[in-house]
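Undergrad: How does the following fold in three dimensions:
(2 chains)
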2 protein chains.
Amino acid sequence: MMTDRRMARIASCALLCAASQLFAADPPAPKAPPGMAEILAASPAGDWRALMDEHTMYLQLPAGRVIIEMDPALSPHAVAAIEALVRMHYFDNAAVVRVQDNFVAQWVNPDTTRKLPDSMLTLAPEFTAPIGAAPFTVLPDRDGFAPEVGFVDGFAAARDPKAGRMWLAHCYGAVGIGRDNDPATGNGAELYAVIGHAPRQLDRNVTVVGRVRQGMELLATLPRGTEALGYYAKPSENVPISRVVMAGDLPAAERTRLQVLRTDSKTFQEVVEARRNRTDTWYINKAGYIDLCNAPIPVRPAP
Amino acid sequence: MMTDRRMARIASCALLCAASQLFAADPPAPKAPPGMAEILAASPAGDWRALMDEHTMYLQLPAGRVIIEMDPALSPHAVAAIEALVRMHYFDNAAVVRVQDNFVAQWVNPDTTRKLPDSMLTLAPEFTAPIGAAPFTVLPDRDGFAPEVGFVDGFAAARDPKAGRMWLAHCYGAVGIGRDNDPATGNGAELYAVIGHAPRQLDRNVTVVGRVRQGMELLATLPRGTEALGYYAKPSENVPISRVVMAGDLPAAERTRLQVLRTDSKTFQEVVEARRNRTDTWYINKAGYIDLCNAPIPVRPAP
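TA: This is a model prediction of the structure:
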């Protein structure tokens, strides 16, 4: 009943449209400059790249597949360790054991009899990498947490030219390695994804390995744990992860073929500008600014 | 089985603790300076205030009560309009009709036969207020979206001294008034709460009326809508809101008695500093910075 009217409303305005259209007609909107959707629709194919299947994990949750692409450029040993754990089936029958509202969802294999070989118990931290580890596309907008922010091949990142270091940033969807106080305890066996406002204070304190490319909503909608730090109170509350596989290890037919917009492309620059100064007529005051974690990194099914 | 060990682990480290403690013992932690919990535990009673029950709404969702405190200081007409709608029972049998991942949950009365009186169809926008409208506690940390940010009596806010205007900011949990392209269409009949990374580009484009003080997780875990902008595809997906009442209209026994930390108090200053430079030993690199929307505004049950 309402759907047709509501859909008409969606077409006529951009965001946060109010029910008032049910009462008062909108004036016809003037032609707006292209927004993100139009920019992406007009983008050349070469401005997109396929996910690196050899560094992409699929987490199988009851509600579906969560797709995490890892970036070996800045944390090669951590990514290799996680991939080894995946291939040892360490994460099969793992579980999300912690979901803290506006912070993180965290998973591990809760089977305490499941031991890792001694050589995998610890891992030298890769919280930051040498500044030359990967090409960096600067976002000119100033940032409070780092001297410079920007993007590394589809991942939000930051760097400190004086210190000569760069790192992936804790934006919504970032995936990192949980650890205890000793940095070397972050061995890759416990991972988390950011599900709330960017906790950038974690930057340079944890090895961030990648970003959720699809299925964020499957993590973000999980029930929050009621114990301290959002841990589930009882093992029966854990959300089972039936298995984790590397996309590259699956037959082609079982892979989800996604593309991510190249963050060093002209299209991405245009997307960022269209978000920095929103082009649709709904916006009366343009921000004139974008923060690192509000810059969308578009993903689409491979055409 | 695991719970005791996990809880011991929580006590021994602060955040994102890894399962590695299952394999390697933690060294004893040196005594850390007080963190937020200790600061709050030691706070004088006078640094807290009760919620303004006369401006606080309870939304009854299937999963429980969402408590939204409104701030009439910066948007007196909008808050009055919403309170009038609540008292007309306009929001009884309302519904969450839109949940867009990492953005907003939005609710309205989907009954299109429910008409508002002509006098309530439109409302002059209160996107910003004169800078003297309310006392402002400055957060010294720089911000990209506004010349100054800070707090107004328990609400995250920003201001522009040159323009002489101030406004509430779109942080996680902020509640604002949906509208169409015409600013006057934001009449209060459609409201939203921020459930993701702060969409600060909405600042000064919408009237923000308040903040969720309790029950954010009830909104943040709702299923995401699959239509454009996160609208639910079918009315049957809507999440019913059985009723909305003003806390002040309920008998005392039916109210949830909460307190919010005064953001102009010394305790709040200490909390912000403890979060700007985390005090627990888990943090190896302190941020030396906090962004407006990462500053917690503590809420507790009234003692």
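Undergrad: How are the strands of the stretch 101-250 of chain A distributed by residue range?
TA: Using DSSP state E, counting those that start in this stretch, the strands of the stretch 101-250 of chain A run over A:104-108, A:129-130, A:137-139, A:148-152, A:155-160, A:165-168, A:174-177, A:191-194, A:208-214, A:239-241, A:244-246.
Undergrad: and the longest one, which residues are buried?
TA: In other words, strand A:208-214. By 16 or more other C-beta atoms under 10 Å in any protein chain shown, the buried positions in strand A:208-214 come out as A:Val208, A:Val209, A:Gly210, A:Arg211, A:Val212, A:Arg213, A:Gln214. C-beta: built from backbone N, CA, C; applies to glycine.
Undergrad: For chain B, which of the strands of the stretch 101-250 of chain A is the nearest?
TA: Of all the strands of the stretch 101-250 of chain A, the one in closest proximity to chain B, counting by C-beta to the nearest C-beta, is strand A:104-108 (4.5 Å).
Undergrad: Give me the buried stretch members for that closest one, please.
TA: Buried positions in strand A:104-108, judged by neighbour count with 16+ other C-beta under 10 Å: A:Val104, A:Ala105, A:Gln106, A:Trp107, A:Val108.
Undergrad: again, but for stretch A:153-162
TA: Residues A:Asp153, A:Gly154, A:Phe155, A:Ala156, A:Ala157, A:Ala158, A:Arg159 are the ones in stretch A:153-162 that count as buried (16+ other C-beta under 10 Å).
Undergrad: ditto for stretch A:248-257
TA: In stretch A:248-257, counting by 16+ other C-beta under 10 Å, buried: A:Arg255, A:Thr256.
Undergrad: is it possible to export the strands of the stretch 101-250 of chain A to JSON lines including distance to A:Ser43 and mean pLDDT?
TA: Shown next, in JSON lines, are the strands of the stretch 101-250 of chain A (distance: least, C-beta to C-beta, whole Å; pLDDT from 0 to 100):
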{"stretch": "strand A:104-108", "distance to A:Ser43": "31", "mean pLDDT": "98"}
{"stretch": "strand A:129-130", "distance to A:Ser43": "29", "mean pLDDT": "98"}
{"stretch": "strand A:137-139", "distance to A:Ser43": "16", "mean pLDDT": "98"}
{"stretch": "strand A:148-152", "distance to A:Ser43": "16", "mean pLDDT": "98"}
{"stretch": "strand A:155-160", "distance to A:Ser43": "19", "mean pLDDT": "98"}
{"stretch": "strand A:165-168", "distance to A:Ser43": "24", "mean pLDDT": "98"}
{"stretch": "strand A:174-177", "distance to A:Ser43": "24", "mean pLDDT": "98"}
{"stretch": "strand A:191-194", "distance to A:Ser43": "27", "mean pLDDT": "98"}
{"stretch": "strand A:208-214", "distance to A:Ser43": "17", "mean pLDDT": "98"}
{"stretch": "strand A:239-241", "distance to A:Ser43": "34", "mean pLDDT": "98"}
{"stretch": "strand A:244-246", "distance to A:Ser43": "28", "mean pLDDT": "98"}
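Undergrad: Save those as CSV, and put in distance to B:Trp167 too.
TA: Compiled in CSV, the strands of the stretch 101-250 of chain A are given as follows (distance: least, C-beta to C-beta, whole Å):
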stretch, distance to B:Trp167
strand A:104-108, 30
strand A:129-130, 39
strand A:137-139, 25
strand A:148-152, 25
strand A:155-160, 27
strand A:165-168, 33
strand A:174-177, 29
strand A:191-194, 27
strand A:208-214, 32
strand A:239-241, 39
strand A:244-246, 45
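Undergrad: Around chain B, which positions in the stretch 201-303 of chain A sit nearby?
TA: Contact residues, the stretch 201-303 of chain A versus chain B (C-beta under 8 Å from any C-beta of the partner chain): A:201-206, A:216-217, A:220-224, A:227-229, A:231, A:233-235, A:275, A:278, A:281-287, A:289-291, A:293-294.
Undergrad: Mind doing that once more with 7 Å?
TA: Within the stretch 201-303 of chain A, the positions lying close to chain B (C-beta under 7 Å from any C-beta of the partner chain) are A:201, A:204-206, A:216-217, A:220-224, A:228-229, A:231, A:235, A:278, A:281-285, A:287, A:289, A:291, A:293-294.
Undergrad: neighbours around A:Thr137, how many?
TA: 16 (other C-beta atoms under 10 Å in any protein chain shown).
Undergrad: A:Lys286 looks like it's in a helix, true?
TA: No. Membership of A:Lys286 in a helix is not supported by DSSP: H, G, I helix; E, B strand; the rest coil, which gives coil.
Undergrad: Spatially nearest residue to it (excluding sequence neighbours)?
TA: Spatial nearest neighbour of A:Lys286, excluding adjacent residues (C-beta to C-beta, 6 or more residues apart in numbering or on different chains): A:Asn277 at 4.3 Å.
Undergrad: can you pull the contacts of the one you found?
TA: Residues in contact with A:Asn277 (C-beta atoms under 7 Å, 6 or more residues apart in numbering or on different chains) are A:Lys286, A:Ala287, A:Gly288.
Undergrad: what about it, distance to A:Asn285?
TA: Distance, A:Asn277 to A:Asn285, by C-beta to C-beta, to the nearest Å: 10 Å.
Undergrad: Kindly report the same for A:Ile39.
TA: In terms of C-beta to C-beta, A:Ile39 sits 22 Å off from A:Asn285.
Undergrad: Those two: who's more crowded?
TA: Neighbour comparison, A:Ile39 and A:Asn285: the larger count goes to A:Ile39, with 23 against 14 (by other C-beta under 10 Å).
Undergrad: Can you tell me the closest non-neighbouring residue to the more buried one?
TA: A:Glu270 (4.9 Å).
Undergrad: Let me know the secondary structure of that neighbour.
TA: A:Glu270 falls in the helix class when you classify it by three-state DSSP.
Undergrad: Quick check: the residue nearest to A:Asp160 when sequence neighbours are not counted vs chain B, distance?
TA: In space, and not counting its chain neighbours, A:Asp160 is closest to A:Pro147: 5.1 Å by C-beta to C-beta, 6+ apart. Separation of A:Pro147 from chain B (C-beta to the nearest C-beta, to the nearest Å): 11 Å.
Undergrad: Give me the number of neighbouring residues for A:Pro147.
TA: Residues within reach of A:Pro147, counting by other C-beta under 10 Å, total 12.
Undergrad: I'd guessed it sits against A:Arg165; true?
TA: No. In terms of C-beta atoms under 7 Å, A:Pro147 does not count as a neighbour of A:Arg165; the distance is 10.3 Å.
Undergrad: got the contact list for A:Pro62?
TA: A:Val239, A:Pro240.
Undergrad: still on that earlier bit, from the residues of the stretch 201-303 of chain A next to chain B, which ones fall inside helices?
TA: With DSSP state H as the criterion, helices contain A:Met216, A:Glu217, A:Ala220 from among these.
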